[in-house]
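A.B. asks: Kindly return the folded structure for what I paste below:
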Amino acid sequence: MKTRSGGCDLARPRRRIETVNAEQPSFAAIAETHLDDVLAYLVYLTADHTLAEDLTVETFERALRRWGRFDPRRGGARTWLCQLARSAALDHFRSEARRLRREDRYAVRELREVPPPSFGEGLSPELEHALAELSRAEREVVALRVVLELDGETAARVLGISPSACSTRLSRALQKLQGMVSADAVA
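C.D. replies: Model prediction:
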């Protein structure tokens, strides 16, 4: 540090970064703790495990770049990571839509077989099909509230909607699932 006279002030000790952020866990610890949650959320959001893995990598790259701006007083790390994951997924969907429009405009598209969506291991084919029938918004709220077990207020913050809208969306999604799946398929 420079004094007014231009020399260094050796009497004042420098604060170390470790002491400034002592209450904040390391990025590595946060990433290790929440990696599976972010991946599960993105699998439900995208209905594509491979894409979800790619978006998980992108999410943690974004998180690492923005780690200095993370403030645990404003919300938990899992919520912050889910917001970044949602943003990465929406960016991907927008980019993909633009790419498809360009292909439609300038090239003849081949008919490609689309693989059926997969939401995770251990789900019955009937439940997989029912989840695929839900809209992205409905799958997203199910992933946040049921799979990740976020409370309504936190899930609403991730989605950028009110807690009551989040609750309504979840209720409607669960009613749709219940109507499409028999009781023995859920077990």
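A.B. asks: Apart from its neighbours in sequence, what residue is nearest residue 144?
C.D. replies: In space, and not counting its chain neighbours, residue 144 is closest to residue 155: 4.0 Å by CB to CB, 6 or more residues apart in numbering. C-betas here are computed from N, CA, C, even on glycine.
A.B. asks: Helices of the protein, start to end?
C.D. replies: For the chain, helices defined by DSSP state H occupy the ranges 17-20, 27-46, 49-65, 77-106, 125-133, 136-142, 152-159, 163-180, 183-186.
A.B. asks: chain center to the second one, what's the gap?
C.D. replies: Computed by CA atoms, centre = their mean, to the nearest Å, the chain-centroid distance of helix 27-46 equals 7 Å.
A.B. asks: With the third one instead?
C.D. replies: The gap between where helix 49-65 is centred and where its chain is centred comes out at 9 Å by CA atoms, centre = their mean.
A.B. asks: Poorly predicted segments of this structure, please.
C.D. replies: Applying pLDDT under 70 to the chain picks out residues 1-23, 104, 106-122, 182-187.
A.B. asks: cutoff 50 now
C.D. replies: Residue ranges of the chain with pLDDT under 50: 1-2, 4-5, 7-10, 12-22, 187.
A.B. asks: How much space separates the residue nearest to residue 144 from residue 81?
C.D. replies: 14 Å (CB to CB, to the nearest Å).
A.B. asks: do residue 48 as well
C.D. replies: Going from residue 48 to residue 81 by CB to CB gives 19 Å.
A.B. asks: When the two are compared, which one has more neighbours?
C.D. replies: Comparing residue 48 with residue 81 by other CB atoms under 10 Å, the one with more neighbours is residue 81, at 25 against 17.
A.B. asks: wait, what's in contact with the more buried one?
C.D. replies: The neighbourhood of residue 81, defined by CB atoms under 8 Å, 6 or more residues apart in numbering, consists of 30, 34, 37, 38, 59, 60, 63.
A.B. asks: how near is the closest residue in space to the fifth one that isn't next to it in sequence to residue 156?
C.D. replies: The shortest distance from residue 59 to any residue that is not its chain neighbour, by CB to CB, 6+ apart, is 4.4 Å, and that residue is residue 85. Residue 85 sits 16 Å away from residue 156, going by CB to CB.
A.B. asks: more crowded one of those two?
C.D. replies: More neighbours surround residue 85 than the other of residue 85 and residue 156, with 26 against 21 (other CB under 10 Å).
A.B. asks: got the contact list for the more buried one?
C.D. replies: 38, 41, 42, 45, 55, 56, 59 are the contacts of residue 85 under CB under 8 Å, 6+ apart.
A.B. asks: phi, psi of residue 66?
C.D. replies: Dihedral pair for residue 66: phi -100, psi 10, per degrees, to the nearest 10.
A.B. asks: Next: residue 148.
C.D. replies: According to degrees, to the nearest 10, residue 148 has phi -90, psi -10.
A.B. asks: count of residues packed around it?
C.D. replies: Residue 148 has 21 nearby residues by other CB under 10 Å.
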